[in-house]
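*Asks:* Need coordinates for the following:
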Amino acid sequence: MGAYRLQSIVASAKQLIKLNNKNQDVPKGYLAVYVGEVQRKRFVVPLSCLDQPLFQDMLRKSEEEFGFNHPMGGLTIPCHEEAFVRLTSQLHIL
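*Replies:* Predicted coordinates for the structure are as follows:
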């Protein structure tokens, strides 16, 4: 069941990517995400981050909080900006 749920999360992220790329200035192969708990900041990350287990954990947390309805119109990740920057620095994706 966990693999199916992860596939569902990734599929939803891909739908948001398509919408996001049409509406915003996001280079091909990248995804805009909004990070923060109150004030949200926009980051553009490569799609390769979707394969990273740590990033997938953030996607699961996002699904738990928002389901598939993201208020910013793009993928919203509910964590502190500092934690996101620290994690993505470890993944070398920003």
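
*Asks:* Name the nearest residue to residue 40, ignoring sequence neighbours.
*Replies:* Nearest residue to residue 40 in three dimensions, chain neighbours excluded: residue 34, at 4.2 Å (CB to CB, 6 or more residues apart in numbering). Heads up, the C-betas are built off the backbone N, CA and C, glycines and all.

*Asks:* swap in residue 36?
*Replies:* residue 81 (5.3 Å).

*Asks:* circling back: beta partners of the residue nearest to residue 40?
*Replies:* Under the criterion DSSP bridges, residue 34 forms beta bridges with residue 42, residue 76.

*Asks:* how near is it to residue 27?
*Replies:* 17 Å (CB to CB, to the nearest Å).

*Asks:* Neighbour count: the two, which is higher?
*Replies:* Higher neighbour count among residue 34 and residue 27: residue 34, with 19 against 10, using other CB atoms under 10 Å.

*Asks:* pLDDT score for the more buried one?
*Replies:* Here, the pLDDT recorded for residue 34 equals 88.

*Asks:* same deal with residue 25?
*Replies:* Residue 25 is assigned a predicted lDDT (pLDDT) of 79.

*Asks:* cool, the one 3 residues further on as well?
*Replies:* The score at residue 28 is 89. That number is its pLDDT.

*Asks:* just residue 78 next, same as before
*Replies:* The model reports residue 78 with a pLDDT of 82.

*Asks:* distance of the closest residue to it other than its chain neighbours from residue 59?
*Replies:* Spatially, and ignoring its direct neighbours in sequence, residue 78 is nearest to residue 65 (4.8 Å; CB to CB, 6+ apart). For residue 65, the distance to residue 59 equals 11 Å [CB to CB].
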